[in-house]
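> Turn this into a model:
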Amino acid sequence: MRNTGIEYSSTERAPVVLPELASLLPPLTGEQLAALEADLLKNGCYSPIIVNEDMAIVDGHNRQMLCEKHDIPYKMAVFSFEDMLEAKQWALDTQKGRRNLDKWELGKIALKLKSDIEARAKENMGTRTDLLTTLSEGQPPAPPVNTRKELADTVGIGEVTMGKVMQIDEHAPPAVKEALDSGDLSINQGYNITRQVQELPEEEREEAAAQAVELVKAKKEVQTLDAEADRRGKIAALFCKAFERAVLLTPTEENVRFWVEGTRMRPDEIQDSVKEARELAEVFSAIAGLLEKLLPVETGGAEGRCEDD
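Numbering: from 1, shown residues only. Model prediction:
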């Protein structure tokens, strides 16, 4: 890949949108797209759209689409790529730093590159001139390309994980893939469910997979509730401990002097303690205000009370 240094404005040339490049990465969420649109409307398109020498967009599909929608001018920088695979790999490497893509999303992107990687490997084998010499000399030929490893390395995930993604893609019922897309399953969970249902008759697999997915989601919800209960318990214990210690303090001039002398505070340390004490006073004042809001409202009379007949 190299930057040719050639640039065009959107008024000079029109870029080409190729589906295989436009759909390489997952679409932006509604929130992400809205944020990008707001930025373009406010600041214009300050980064050029990257195109190849055939004017096909390699990076910047969303920006180009929004610029066309709002008649915002933009520039295009022409990059030269060895082939379509290199262009896709460059686009992926560029976007990985901007997007928070999980391993399942990266694995799906890798699968889109599978045919390109296999085609390049086949082409490289076909253009080698040393094969006949190697065979005539009795040396073993070069090992075949490990497609799974190539795919894993391309997107930056482990080879074992890539293998599981490939198995899920080929054999998993729709319920498993949908749960992975929504983040309700991990790759390991999706892979295990896929293996389990493979042993069932084909007509039973979808229902069994859906039930297994729901079971995993239920367990996840219970774990979330347990974690939330644990978090609340820790916060409650922290408040109790802070109050228990605070009420032991009797802020008299004599006690404060004992504290300063007993710890041999320097003047700068006294100043820091003054600042911290005032900050703590603000904290406890805020807590008092919040506690008052939790007090029951006095309604007066007998309203709101249940009485025996």
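> which intervals of the stretch 51-200 of the chain have sub-threshold pLDDT?
Low-confidence segments of the stretch 51-200 of the chain, defined by pLDDT under 70: 125-145.
> Going along the chain, name the strands of it.
With DSSP state E, counting those that start in this stretch as the criterion, the stretch 51-200 of the chain has strands at 57-59, 75-80.
> Deepest-packed of those strands, please.
Scoring the strands of the stretch 51-200 of the chain by mean neighbour count under mean count of other Cβ atoms under 10 Å gives strand 57-59 as the most buried, with a mean of 24. Any C-beta I mention is one placed from the backbone N, CA and C, and that applies to glycine too.
> helices or strands next to that strand in the packing?
Contact here means 3 or more Cβ pairs under 8 Å, 6 or more residues apart in numbering; DSSP states H and E; on that basis strand 57-59 packs against helix 19-22, strand 49-51, helix 84-96.
> try 6 Å this time
Under the contact criterion of 3 or more Cβ pairs under 6 Å, 6 or more residues apart in numbering; DSSP states H and E, strand 57-59 touches strand 49-51, helix 84-96.
> Just the buried positions in the longest one, please.
Yep, that's helix 84-96 we're talking about. Buried residues in helix 84-96, defined by neighbour count with 16 or more other Cβ atoms under 10 Å: Met84, Leu85, Glu86, Ala87, Lys88, Gln89, Trp90, Ala91, Leu92.
> before we move on, what about stretch 154-169?
Applying 16+ other Cβ under 10 Å to stretch 154-169 flags Thr154, Val155, Ile157, Thr161, Met162, Gly163, Lys164, Val165, Met166, Gln167, Ile168, Asp169 as buried.
> Distance to Leu294 added to these, as TSV?
TSV is the format used below for the buried residues of stretch 154-169 (distance: Cβ to Cβ, whole Å):
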residue	distance to Leu294
Thr154	56
Val155	51
Ile157	48
Thr161	48
Met162	53
Gly163	54
Lys164	49
Val165	50
Met166	55
Gln167	53
Ile168	49
Asp169	52
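> quick check, nearest of those residues to Asp71?
Checking the buried residues of stretch 154-169 against Asp71 by Cβ to Cβ gives Val155 as the nearest, at 36.0 Å.
> wait, the closest one sits on Lys108?
No. Shown here, Val155 and Lys108 do not form a contact pair, counting by Cβ atoms under 6 Å, at 9.2 Å.
> pLDDT value on Asn255, please?
At Asn255, the model reports a pLDDT of 94.
> OK, contacts around it?
With contact set as Cβ atoms under 6 Å, 6 or more residues apart in numbering, Asn255 has no partners.
> ok so, going back, to Arg231, which of the helices and strands packed on strand 57-59 lies closest?
helix 84-96 (32.0 Å).
> Of the buried residues of stretch 154-169, which is the nearest to Leu33?
With Cβ to Cβ as the yardstick, the closest approach to Leu33 among the buried residues of stretch 154-169 comes from Val155, at 23.2 Å.
> Pull up the gap between the closest one and Lys275, please.
Applying Cβ to Cβ, to the nearest Å, the value for Val155 to Lys275 is 50 Å.
> just Met166 next, same as before
59 Å.
> Walk me through which strands the longest strand along the chain pairs with, and which way each runs.
In the chain, assigned by DSSP state E, the strand with the most residues is strand 2-9. Using DSSP bridges, strand 2-9 pairs in its sheet with strand 75-80 (antiparallel).
> May I have the partner strand as CSV, with CA atoms only?
This file holds the C-alpha atoms of strand 75-80, laid out as CSV (Å, rounded to 0.1, in the frame of the first residue of the first chain):
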residue,chain,number,x,y,z
LYS,A,75,-11.7,15.3,-0.7
MET,A,76,-10.5,11.9,-1.9
ALA,A,77,-7.0,10.7,-1.5
VAL,A,78,-5.9,8.0,-3.9
PHE,A,79,-4.0,5.0,-2.4
SER,A,80,-2.4,2.2,-4.4
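> pLDDT (mean, whole number) over the helix or strand in which Phe243 is found?
Applying DSSP states H and E as the criterion places Phe243 in helix 202-246. On average, the pLDDT along helix 202-246 is 92.
> What is the subsequent helix or strand relative to it?
Using DSSP H and E, the helix or strand that follows helix 202-246 towards the C-terminus is helix 253-262.
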